[in-house]
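Visitor: fold the following, please.
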Amino acid sequence: MNLQFEQAQRVKNLPPYLFARIEKLVEEKRAAGVDIISLGIGDPDMPTPGYIIEELQKQAEYRVNHQYPSSVGMLAYRQAVAQWYSNRFGVELDAASEVVSLIGSKEGIAHISFCYLNPGDVVIVPDPGYPVYAGGAILAGAEPYYVPLTAEKGFLPDLSAIPTDVANRAKMMFINYPNNPTGAVAGDEFYREVISFAREYNILICHDAPYSEMAYDGYKPPSFLQFPGAKEVGIEFHSVSKTYNMTGWRIGWAAGHPQVVDALGRLKSNIDSGQFQAIQYAAIQGLTGPQDAVFQMQKVYQERRDILVDALNSMGWQLEKPKATFYVWAPVPAGHTSESFAELVLDKAGVVITPGTGYGNNGAGFFRIALTVERERMVEALERLKKNIGPVKF
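Guide: Predicted coordinates for the structure are as follows:
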C-alpha cells in the first residue's frame, strides 16, 4: 500500500490544468482512428537551421564542454546576446553584468518571482496571459493581481485602472509584446507609460519578448530595453526558441537591470548548473550567423496567417491579420463558450484549437489558433471547418 503524502500549500494553490479535458478527447479521437490536426500548440514545426545543428555536433566533441557549465552562462554566449541586441535594437548591454543565461526563458520567468516576491506580495499579471507569470508568483507565495487585456484597449493593460492600493503593494509586473495569446503589439507610447508607472510605484517590470522576430508586413517589434529608463526599472526575457526553431534546445536569457540580473544568477546557482556549453555555442551561431532562415520563417508564417485569417473571415469572422506572433486570437460564435466551441471543432472537424480560458478568465469567449502546421495541413483543417462548422454568427 502506497503511503499518502500531503502536498505543499504552494502546489495546492496552483490553478487546475484547463486543457486536460481537450487532451482526453484528443486521445479518444485518435484511438478511434480519427486524423487529428492540431492548431493548438505554439511550437514551431520547421527544423532548426542546419548550421546551428552542425555547431552543436562540433562542440559536443570537445571534452571541455562535457563538464559543469557556469550557472550564469559562458561570457561568449552573453556577449553574443549583447551583440544581437546592439544589431537588432540599438541597445547596448554589458555582457558581464546585464545578461544572464537561462535554461529557456520559461525557467527564468518562473524563478524571477523567487528573487523579489515574499509571501503576500502582489504581482501584476496580464489576463489573458502566459500561465507561468502567475504560476511562478503563486509558488513564491505571492498574490497575482490580474489586469484585463480587452479588445477595446487593443489587448494592452489599462494602467490607470489599476487601483492605487494595488499599485502601492505590487513588487513586480509582467508584460508581453508581441503578445501570447492575442497576437497584439504595443507602440512606443505604451512602453513609456509602463516605465513611468514603474518609477511612480517602484515596481520591477518583466517584459517577455520571445516573439520579437516573428513579425510580418515589414513590422519590426521594439525591445522594451530600447526605451529611455527601461534598464533602470526592469529586465527583458528572450530566447532562441521561436527565432531559430529551437524550442526543445532550452536556452534563453534575461537582460537589463544589473542588480536584477545578478539576483537571478545567484538564485540559479543554487538551483541548476547552467546549460550544456555545446548548446550555448549553437545558440551563439544562431545569434551571430546569417539571419536568412529567420526571414524565410517570417515569410512562411505570414503566408499561413493570410490563409487562416482569410478562411475564417469567409466563414463569418471579421478578424484583422496580426502583425506578429504565430497566433490568431478569435471570438467564439454565438451560443458557445471557449470550451464548448473547442470541443465542437474537435468533435465535428477533428481539429484542435485552444480555448481562451486556458490563459485566464478574460480569455473567456475567445480561442487561439497556432500557425505551426505546414500549409497543406492548415488548408485541410480550414476546409474541415468550412464543411463542418461554418458559416458562423456572432
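Visitor: ok now the helix or strand containing L267, how far from the chain's centre?
Guide: Here L267 sits within helix 258-269, counting by DSSP states H and E. Centroid separation for helix 258-269 versus its chain: 21 Å, with Cα atoms, centre = their mean, to the nearest Å.
Visitor: for that helix, give the mean pLDDT please.
Guide: Taken as a whole, helix 258-269 has a mean pLDDT of 97.
Visitor: next SSE downstream of it?
Guide: Per DSSP H and E, helix 258-269 leads on to helix 277-288 as the next helix or strand towards the C-terminus.
Visitor: burial count for the closest residue to I109 other than its chain neighbours?
Guide: Leaving aside its sequence neighbours, I109 sits nearest to V132 (Cβ to Cβ, 6 or more residues apart in numbering; 5.1 Å). All C-beta atoms are positioned from the backbone trio N, CA, C, and that covers glycine. The tally of other residues near V132 (other Cβ atoms under 10 Å) stands at 18.
Visitor: i'd like the first residue to be 375 from this point on
Guide: Sounds good: first residue 375 from here, last item V506.
Visitor: V506 reaches A484, doesn't it?
Guide: Yes. Assessed by Cβ atoms under 8 Å, V506 is found in contact with A484 at 5.4 Å.
Visitor: contacts for the helix or strand bottoming out on mean pLDDT in the chain next, please.
Guide: In the chain, no helix or strand scores lower on mean pLDDT, DSSP states H and E than helix 394-405, which sits at a mean of 83. With contacts defined as Cβ atoms under 8 Å, 6 or more residues apart in numbering, helix 394-405 is touched by 410, 412, 414, 713, 716-717, 720-721, 724, 726, 728-729.
Visitor: closest one to S597 out of those, please.
Guide: Nearest to S597 out of the contacts of helix 394-405 is T728 (Cβ to Cβ; 27.2 Å).
Visitor: look up phi and psi at that closest one.
Guide: phi -100, psi 120 (degrees, to the nearest 10).
Visitor: I'd guessed it sits against T746; true?
Guide: No. With contact defined as Cβ under 8 Å, T728 does not count as touching T746 (11.6 Å).
Visitor: more neighbours: these two, which one.
Guide: Each of T728 and T746 has its neighbours counted (other Cβ under 10 Å); T728 has more, 26 against 21.
Visitor: spit out the contact partners of the more buried one.
Guide: Residues near T728 by Cβ under 8 Å, 6+ apart: 393, 396, 414, 555, 716, 741-744.
Visitor: kindly recompute the last result at 6 Å.
Guide: Residues in contact with T728, defined by Cβ atoms under 6 Å, 6 or more residues apart in numbering, are 414, 742.
Visitor: what are the bridge partners for it, then?
Guide: T728 has these beta-bridge partners by DSSP bridges: R742.
Visitor: in what helix or strand does V568 lie?
Guide: helix 562-575.
Visitor: buried ones in that helix?
Guide: By neighbour count on 16 or more other Cβ atoms under 10 Å, the buried set for helix 562-575 is 564-565, 567-569, 571-572, 575.
Visitor: distance check, the residue nearest to S597 when sequence neighbours are not counted against E610.
Guide: Spatially, and ignoring its direct neighbours in sequence, S597 is nearest to F463 (4.2 Å; Cβ to Cβ, 6+ apart). With the distance defined as Cβ to Cβ, to the nearest Å, F463 ends up 10 Å from E610.
Visitor: more neighbours: which of the two?
Guide: Between F463 and E610, counting by other Cβ under 10 Å, E610 is the more crowded of the two (27 against 18).
Visitor: the closest residue in space to the more buried one that isn't next to it in sequence bridge partners, please.
Guide: Nearest non-adjacent residue to E610, counting by Cβ to Cβ, 6+ apart: H581, 4.6 Å away. On the basis of DSSP bridges, H581 is bridged to I549, E610.
Visitor: does H581 touch I549 like I think?
Guide: Yes. H581 is within contact range of I549, at 5.2 Å (criterion: Cβ atoms under 6 Å).
Visitor: so what's the residue count around the closest residue to C580 other than its chain neighbours?
Guide: Nearest non-adjacent residue to C580, counting by Cβ to Cβ, 6+ apart: F548, 5.0 Å away. By other Cβ under 10 Å, 27 other residues sit near F548.
Visitor: I'd guessed F548 sits against I498; true?
Guide: No. Using Cβ under 6 Å, F548 is not in contact with I498; the gap is 7.1 Å.
Visitor: mind listing what V465 touches?
Guide: Going by Cβ under 6 Å, 6+ apart, the list of residues near V465 reads 459, 597, 599-600.
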